[in-house]
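> After the sequence you'll find the predicted model.
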Amino acid sequence: MSDFKMKILVVDDFSTMRRIVKNLLRQLGYENIEEAEDGAQAFTKLKQGGFGFVVSDWNMPNMDGLELLKNVRSDPELKDIPILMVTAEAEKEKVITAIQAGVNNYVVKPFTGEILKEKMDKIFERLQAQR
Amino acid sequence: MEEIIQEFITEAEESLEKIEPRFVELEQQGQNTDLLNEIFRSMHTIKGAAGFLGFQSIVDVAHASENIMKRLRDGEIDLSKPLMDAILKSIDMLRLLLGHLNEKDGVEENVAPLVQELGNALKATMSRTATGDAPLQNPAAPAAAVMPAAQITEPVKTEEDGPEEEEESHMSGAVQKPAEAPAGAPEISAVSGVGEHKPNEIIQTAKDNIQKAQNLRVDVSRIDKVMDLAGEVVLVRNRLLNISNYFDMKYSEDPMSEILTESVSFLDRITSDMQLAVMKMRMQPIQKVLSKFPRLVRDMSAAVNKEVELQISGEGTEVDKTVIENIGDPLTHILRNSIDHGIESAEERVSKGKPAKGRIIISTYQKGTQIVIEIMDDGKGIDLEKLKMKAVEKGLMTEEETRKMSDKDAIDIIFLPGFSTKEVATELSGRGVGMDVVKTNISILNGYVEVSTVKDAGTTFKISIPLTLAIIQALMVEVDGAKYAIPLSPIEETLKVMKKEINNVTGQNVIVIRDKVCPLFDLNSILGLGLNGHDDFEYKYLIVISMGDRKFCLAVDRLVGQEEVVIKTLNGLDSTSSYVLGATITGDGKVVFILDVAGISRNLLGLSKV
């Protein structure tokens, strides 16, 4: 059911992390992956359109993951894009804030390809069910 | 995988480099939330990525360090010296760990004691803070506030075991009915408020960011390969220029010859542009080196109980990668000397009417084809008489010699091998093995150091280094039928002199240039090719070379012309004794030695008494 042609945006300020996440996504079969260095850049890219999914880090300069999430949810064009938030263990307490702001799911660092797949599958299943 | 690890090492090292000076800034400015945030984020990110790659000791150290930073950022504790020391130690440890990864030496560091130390430092600070203003720091209150979060996140931890449904319902519940979320209501209203006015501003900043983001990480060896090839192209271009000149002269009527000249001169231009572009690829801001100095100055001045403020300007100046790699040690040494010998103790400074805090200014700028780095302190200056005395005492020169010395020459005593003015070698400046090494290191970079000093006002070290090291403009000269290349940058002028214009003062040949006496040396004898002075010449060509404040002439048989040469290092060649910097291939396809003028100057002027 996964659409491997779907354009995914990976947002993280640390390029090693972007690369790791990108590699995991590729292992899962996704090919159309783009990167952004922070929330602000991500938002601009998203506005250009065509993205079906966002994997975003939380802690970033300029615009952090939560702000990005809020901005996306309050943007009429972008509000339905599913977002998976990557967090560190220490930030678990913040997860509730993210959930209230409309994040679709979150994943705790470090994670494997399988965990990522599970999270993504869950998000898409839920979206399917809602439609 | 290997590539990712490599990238991680580079990126993590860069992050550490970036945050280290921030700590010193913090120490000076006190709590600054932006700074703290930046530092926290870097540490956090390193931890996150290390977690993925399975570098547990990095995770452990970063985690312990991040714990402290998080509390600093959230204002739970204040920065103190013990905390700072512990954090700086953790940065050192991370560097070390990254170093091991990079070397792949498999060495395991025991990080447990450091992690413990970090934990203890935090605990000590926390307990102080807690007793200080207990009501504010009541741990029970925040814990209660986080409770709802705990309820939701709890099931997630065990999601593999099954209670998925519960988690899902919690999640969707929160998403669909945000208003009911207990602690969430204020958050939500904040969301819509933020969402309405912010996006436009954000897009604005995002545009700037995109400009910045167009970076590509490339392996240095690839750039060096391109550099190497560009060098080869330059050599071929030089040959082609030669050939086209020949055809231009011989077959000037032939239209094809004109086309050839045209094409070659086009190639000439493009090659120069390409060279510049490739050179730029290797350039990095000197900040890479300078960023470690605030910390260094902090540690060093603390070690000798002095107060020193470091100011850095021009850190964005770009220099060749080789310069970045080699300039760190000499700069460190000069800084150490300034702090140890230059800057006075606070009492002494106050008694002289100076501010108690000493100041060192490092400024970098580009001047023509040179990069200039100045290190200026406002200390006591160098006592020249004392220098001279020491030099005589150590048997480095005679009293007679020191009397004749100009002040400028006297300062250079500090660069003599094995010279140190402090009676007791301190831990900082070491045993006087320093300053001559500074000079050597800088001349390896084809540069030179000048020192100027004013009693009680301070000392300035001025380092000049050519912009690029791989391709240089050179003057081609001929001696005894052999061609040599002399780097153009230190050459001031060239002269043609008659034999009778050359005088001899106490065994040293000199020439008077515009009323100034300048020592003259035969390149022939310097290179050990022949004895000084074939007497059977009518006139000689002189190359006037100025290294810093020193000036001398080299006599050659013929000046051939100016050429852009690519320096090829010669393996197994001792450039200090042979005066040869490297070799190049000229336009006519011959291998020619490039002379090390800095080395020649050092040796000759050490001997000369003029």
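Happy to help now that I have it. Quantities reported herein were computed from a predicted structural model and do not represent experimental measurements.
> Of all residues in chain A, which one is closest to chain B?
A:Ser74 (2.8 Å; C-beta to the nearest C-beta). From N, CA and C alone the C-beta is placed, and that goes for glycine too.
> Pop out the phi and psi values for that residue.
phi -100, psi 10 (degrees, to the nearest 10).
> now for the helix ranked longest in chain A, which elements pack on it?
Longest helix of chain A, by residue count under DSSP state H: helix A:113-130. On a contact count with 3 or more C-beta pairs under 8 Å, 6 or more residues apart in numbering or on different chains; DSSP states H and E, helix A:113-130 meets helix A:15-28, strand A:83-87, strand A:105-108, helix B:164-176.
> which of these has the lowest average pLDDT?
With a mean of 42, helix B:164-176 has the lowest mean pLDDT of those.
> In this structure A:Lys7 contacts A:Glu34, no?
Yes. Checked against C-beta atoms under 8 Å, the pair A:Lys7 and A:Glu34 is within contact range at 6.7 Å.
> list the residues that contact both of these two?
Listed as contacting both A:Lys7 and A:Glu34 by C-beta atoms under 8 Å, 6 or more residues apart in numbering or on different chains are A:Phe51.
> low pLDDT regions in the chain?
Defaulting to chain A. Residues of chain A that meet the criterion pLDDT under 70 lie in A:1-2, A:89-92.
> nope, chain B
In chain B (pLDDT under 70), the answer is B:129-214, B:368-369, B:417-418, B:420-434, B:468-470, B:529-537, B:548-549, B:572-577, B:605-610.
> which one's the longest strand in chain A?
Longest strand in chain A by number of residues, with DSSP state E as the criterion: strand A:51-57.
> quick one: that one to strand A:83-87, angle?
Interaxial angle of strand A:51-57 relative to strand A:83-87 (axes from the mean of the first three to the mean of the last three C-alpha atoms, to 10 degrees): 10 degrees.
> Torsion angles phi and psi at the closest residue to A:Lys22 other than its chain neighbours?
Using C-beta to C-beta, 6 or more residues apart in numbering or on different chains and skipping residues adjacent in sequence, the residue nearest A:Lys22 is A:Ile33, 5.2 Å away. For A:Ile33, the backbone dihedrals (degrees, to the nearest 10) come out as phi -120, psi 130.
> A:Ile33: how many residues sit nearby?
18 (other C-beta atoms under 10 Å in any protein chain shown).
> Which strand or helix spans A:Arg76?
Check again: residue A:76 is Pro, not Arg. Here A:Pro76 sits in a region with no helix or strand, counting by DSSP states H and E.
> what about it, neighbour count?
That count, for A:Pro76 with other C-beta under 10 Å as the rule, works out to 6.
> what's near enough to touch it?
Applying C-beta under 8 Å, 6+ apart to A:Pro76 gives no contacts.
> if I've got this straight, B:Gln311 is in a helix?
No. Using DSSP: H, G, I helix; E, B strand; the rest coil, the assignment for B:Gln311 is strand, not a helix.
> quick one: it and B:Glu374 touch, right?
No. Counting by C-beta under 8 Å, B:Gln311 stays clear of B:Glu374, with 11.4 Å between them.
> For B:Asn67, list the residues it contacts.
By C-beta under 8 Å, 6+ apart, the neighbours of B:Asn67 are B:Leu118, B:Gly119, B:Leu122.
> out of those residues, which is most surrounded?
With neighbours taken as other C-beta under 10 Å, the top of the contacts of B:Asn67 is B:Leu118, carrying 25 neighbours.
> and the gap between that one and chain A?
15 Å (C-beta to the nearest C-beta, to the nearest Å).
> Skipping its backbone neighbours, what lies nearest that residue in space?
Among residues not flanking B:Leu118 along the chain, B:Ala64 sits closest, at 3.9 Å (C-beta to C-beta, 6+ apart).
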